[in-house]
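*Asks:* Below are the sequence and a predicted model; questions follow.
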Amino acid sequence: MSNFIGALELPDQMIWTDRYSFSPVAGQSARTIAGGLALFTQSMTKGRPVTLEAREGVAWLTQAQVEAIMIMAAQPGATFAFIYDGESHNVRFAHHSPPVAEFTPIWPFADQYTGTIKLITV
């Protein structure tokens, strides 16, 4: 099954490392004047972190893919369709948590990279 950010196809072996470390519900509590407890909860529909990793020996990105990702990341406020394992989201690059993209060339193959991409659902 193919994975995409916008029209850019990603390697199938890229791992969404924080896919299951997100709480879909936020909660807060407060004490009342009478000593009771007020609980508030709300579904979290946006703001889910999406950290993608191309790990050494498992997945790698080409020079063209790295350049395309860097071009996308340089667009302030741009939203992209994200498809991973059949799951679809709208995402932005997580500029509040730099660096949003970090790549390391695989020696001696200077046109192949491992690395990390940080996105957030919107």
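*Replies:* Now that the structure is in, tell me what you want to look at. Residues are numbered from 1 along each chain as shown.

*Asks:* Tell me where this protein has strands.
*Replies:* Here the chain has its strands, by DSSP state E, at 3-5, 8-10, 15-16, 25-31, 37-43, 49-54, 61-62, 80-84, 87-93, 101-106, 109-121.

*Asks:* mind putting the ones you listed in CSV, mean neighbour count and distance to M70 included?
*Replies:* C-beta coordinates here come from the backbone N, C-alpha and C atoms, glycine included. Converted to CSV, these look like this (neighbours: other Cβ atoms under 10 Å; distance: least, Cβ to Cβ, whole Å):
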stretch, mean neighbour count, distance to M70
strand 3-5, 19, 12
strand 8-10, 16, 11
strand 15-16, 16, 20
strand 25-31, 9, 33
strand 37-43, 9, 34
strand 49-54, 20, 14
strand 61-62, 19, 11
strand 80-84, 18, 14
strand 87-93, 17, 10
strand 101-106, 16, 6
strand 109-121, 18, 10
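
*Asks:* between the ones you listed, which gets nearest to A68?
*Replies:* strand 8-10 (5.0 Å; Cβ to Cβ).

*Asks:* which strands and helices sit next to the closest one?
*Replies:* Using 3 or more Cβ pairs under 8 Å, 6 or more residues apart in numbering; DSSP states H and E as the contact test, the elements touching strand 8-10 are strand 3-5, helix 63-73.
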